[in-house]
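[1] Dropping a prediction and its sequence here:
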Amino acid sequence: MSNSDHESSCYDGKNMALFEEEMDSNPMVSSLLNKLANYTNLTQGVVEHEEAENDRVAVKSPQMGTFIGVYLPCMQNILGVILFLRLTWIVGTAGIVGSFLIVFMCCACTMLTAISMSAIATNGVVPAGGSYYMISRSLGPEFGGAVGLCFYLGTTFAGSMYILGTIEILLMYIVKSAAMLNNMRVYGTCCLAFMALLVFVGVKYVNKLALVFLSCVVLSIMAMYTGVIKTAISTPNDTVCLLGNRSLQNGNFEVCRKTEMRGNETQPTQLWELFCKGSLHNSTCDEYFDLNNVTEIKAIPGLLSGVITENLWGSYGPSGMLVEKKEQPSISVSDKTEERYESPARTYVVNDIATCFTLLVGIYFPSVTGIMAGSNRSGDLRDAQRSIPIGTILAIATTSIIYISCVLLFGASIEGVVLRDKFGESVKSSLVLGTLAWPSKWVIIIGSFFSCCGAGLQSLTGAPRLLQAIARDKLMPFLQVFGHAKANGEPTWALLLTAAICEIGILIASLDSVAPILSMFFLMCYLFVNLACAVQTLLRTPNWRPSLLFSCSMIYIEYSGAEKEWGDGIHGLSLNAARYALIKLEEAPPHTKNWRPQVLVLLKLDSDLVVKHPRLLSFTTQLKAGKGLTIVSSVLEGAYMNRGADAKLSEQNVKAAMSAEKSKGFCHVVVSSNLRDGFSHLIQTAGLGGMKHNTVLIAWPANWKQKENPITWENFTETVRETTAAHQALLVAKNIDLFPSNHERLGEGTIDVWWIVHDGGLLMLLPFLLRQHKVWRKCKMRIFTVAQMDDNSIQMKKDLQMFLYHLRLDAEVEVVEMHESDISAFTYEKTLVMEQRSQMIKQMQLSKTEREREIQSITDVSRSSIKRKRPAAQSPNTLQVPTGLTFEREAQLIHDRHTRSHPAAHKDKVSPSPDGVHMTWTKEKLVSERSRNREASMAVRDLFNMKPNQSNVRRMHTAVKLNEAVVKKSKDAQLVLLNMPGPPKHTGGYENYMEFLEVLMEGLDRVLLVRGGGREVITIYS
């Protein structure tokens, strides 16, 4: 989200005065949600959706739902040519068991891919532009480009397969011309040219015909199921002629007999003439024809015939193998293999290709592709995140049921030799599935013809646009020419290349040869999709938050073993790989989708150099779960030459604490002249190359009020300022010792997020990351935001709920109304006390140099003055003390006062004698000291008469009101996350800033103040 909306950034009021200095960069949540309410799912092409955010134009809201937009298109693309032309042959060749295994494997593959696709679709707002946009924008250019290219080639060869299927139906079952290879090539080329011309003229005509083609598919399937049911009542009249146990092509004869009676004479039939030469009584016949009888059996025995037992197992073989009914009696002859399998015109039905299980898988697999048809319409869906998963998975489930039921029904009702007859030569060259259909075989033939035509048109429509998208992304420079389009957006050059590649498939002229090529491309496409989703899941990328739970098994990645160092070459290879990875990381900053907190933990050590707050490491473990970068650091004051041994001991102690708290990362202890410089150096230089931290985690200085020395809170505020300047996020944990350990399990409770201003979305991301750990897993997430006078709290709640839905975050939402109210006397008094305390600290904090100079000016350290017994010669500028050394006593009192006020300044001085120290005073010194005492007294009187600064009053008002709201709603929460206000721009208000934060967190046990690093870390987009 853009943070530069100046209209929403303007501030007028006192409720949010604590955040007013940063309103320009961090807008109020109400203004951000107002922008989200106007979100529309635009077609953004290949331009990143984040970059196109500001250039949106009003478009008509998409209206397509799950059924029309996803379910039906997927059904139309999945059910097609293989179902009508090859499934019966696959069942006959592989058997019911083998076919069931093939269908199950392929459907399981597409189901898993659909689940991965659904995970991508539910991982944010789905950009319009189809499957390629959705995958490439979610998984990155490497995976996206590979998936896109495989998807394009698969879709293009799918067009070839559908066109070949169309021509096969036309030549073999409608026109019944000889389907020679050249005929397939010529007619296929003409069909491709016609379809490409139709696509070139206008896609709108293709879209209008889509419903017609879908109706053809539905009617064909209904005719098929009706025919199967009818076989249980009465079987069709189609028969198969067997010679012995061999199936015969019955297109060349009418009667399935060797001889027939014509009048009173026995005459040879057309079948006899095919196997014999000469007259009936003086003939030479084929030996097998002489020894075996001719039998006529039902082609469709029926659902209750028991033929299912004969079709359970497969019958694979080489090309030219005879199709035989094994259960039929037959007398074998001593034919040579080549004569038996390659005998010609003996009208046997034979295998046209060699068959095996893997080949059948390759031929069948294209029948389960088409699962991306719904995601291709992502820009036309009302709710793509919901529709794509539900519609796609339901379509696959439906088609899987159809395919599995077809395997069982075909095997239970159709004769085995007919099933293995690919082109229906044993049933008068009819479509095998057509013989089963009711009321007529033409329902299946015409339906399958138009189904193949429609699928081919859809492929020629989608493939060029996919190529155009890849070309415009400039992933492959040589493809850029195909990114150009006509004035109306039609990709002309891409269409020409698609037609050329499609022509290559048509020149192959065999559906059985093109289908495996198509299968390979789609399998590679699905492999990349599943692999990318698996990698994202295993790495637990923070912005990978799919709503759909699709984990089937956990992979055991890390294992424990003996740690040995043998100086092997693999270690050197690891160093090279690490170097290469670090250099690659520096090439470009990480995208928002890949952002995760890389944490620098700033620890404090006690006097024994032991970690003071080990729970800070526990919290890091719970936040990181071993993912990403963790650097645990601390600072020792002094010189490295003197404290080198302490630094090494400290590192050992820190590593021991990290091991105890199961915190995986690096340890670094530095020695610096002071803590402030040490922390500053760590913030600037920790890490290596692109592997640097982006988040700093520190503990809240709980005792900052008890210390007169301001170094504690000055170091804290300087750390806040430096992380802000370095554009790093900051996490400040209050009461860190009360945070749960890694062994605790929080059974109940909530993690409450108080979202006041939007500073990058880190507040939303942190609870999600914490809930991935077993300590916080059962805690619910609640998000509170603040509505002011001009905000519509009801609309804000709706917008926030929609925003969380897009972010894939499960949380309760509540909008707290904070109307303008008068500043209470309590707030006024609290601000006054704060400013009085600050002023007193300033008056009391004299520098060490000034104190020493003042004391030196009023103290005579010479003991000779004590031994003087008689008055010395008086100097004209020296004041005599005649009565009881009155002035000396006053000076001694002044000296004692300073000594009590600043004992540290005198710890190295020689203590005075019990008799006191005699002071030597000049008149000017005494007058100056009395003047300073009068000024101090006046300053004390002014301190109690001062009025608080109005800006501080308003800020205190914000802190008090927010604290009241937070305590009221979240007092019992397990953890409260709050926006951390920015530090003052001038260094004079440090102590007031600490007081504001203290008031903001008052009354809460576990608090995490969160300050963003100035960039977006969470996105609603997929």
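    The structure has been received and is ready for your questions. Only a predicted model underlies this, so the values are computations on that prediction, with no experimental measurement involved.
[2] could you point out which element follows the longest helix along the chain?
    In the chain, with assignment by DSSP state H, the single longest helix is helix 87-121. Next helix or strand after helix 87-121 toward the C-terminus (DSSP states H and E): helix 131-139.
[3] That next one: how far from the chain's middle?
    Its chain's C-alpha centre and that of helix 131-139 lie 11 Å apart, by Cα atoms, centre = their mean, to the nearest Å.
[4] How about stretch 286-294?
    That offset, for stretch 286-294, works out to 69 Å (Cα atoms, centre = their mean).
[5] Report the buried residues of that stretch.
    Buried residues in stretch 286-294, counted by 16 or more other Cβ atoms under 10 Å: D286, Y288, F289, N292, V294. Quick note: C-beta positions are derived from backbone N, CA and C, even for glycine.
[6] Please report the distance of the first one from Q328.
    Meaning D286. Between D286 and Q328 the computed distance is 18 Å (Cβ to Cβ, to the nearest Å).
[7] do the same with the last one
    V294 sits 11 Å away from Q328 when distances are taken as Cβ to Cβ.
[8] what do these two both touch?
    Here V294 and Q328 share the contacting residues L242, scored by Cβ atoms under 8 Å, 6 or more residues apart in numbering.
[9] May I ask you to confirm that E812 is in contact with R782?
    Yes - under the criterion of Cβ atoms under 8 Å, E812 makes contact with R782 at 4.6 Å.
[10] of the two, who's got more company?
    Taking other Cβ atoms under 10 Å, E812 and R782 do not tie; R782 has more neighbours (19 against 13).
[11] and V815, that's in a strand?
    Yes - assigned with DSSP: H, G, I helix; E, B strand; the rest coil, V815 falls within a strand.
[12] which SS class is F289?
    helix.
[13] Give me the nearest residue to it, chain neighbours excluded.
    F275 (3.9 Å; Cβ to Cβ, 6 or more residues apart in numbering).
[14] Now do the same contact list for C453.
    Y162, T166, M195, F213.
[15] That one and G447, how far apart?
    Counting by Cβ to Cβ - C453 and G447 are separated by 11 Å.
[16] what does W755 give?
    57 Å.
[17] ok, S510 touching L164?
    Yes - counting by Cβ under 8 Å, S510 does reach L164; the two are 7.3 Å apart.
[18] who has more neighbours, these two?
    Under the criterion of other Cβ under 10 Å, the comparison of S510 against L164 puts L164 first, with 30 against 14.
[19] part of a helix, is the more buried one?
    Yes - assessed with three-state DSSP, L164 lies in a helix.
[20] Apart from its chain neighbours, what residue comes closest to it?
    Distances taken as Cβ to Cβ, 6+ apart place L511 nearest to L164, at 4.7 Å, with adjacent residues excluded.
[21] before we move on, back to that, in the contacts of C453, find the pair that's most separated.
    Across the contacts of C453, no pair lies farther apart than M195 and F213, at 12.6 Å, counting by Cβ to Cβ.
[22] about what we covered before: quick one: common contacting residues for S510 and L164?
    The contact lists of S510 and L164 share M184, where a contact means Cβ under 8 Å, 6+ apart.
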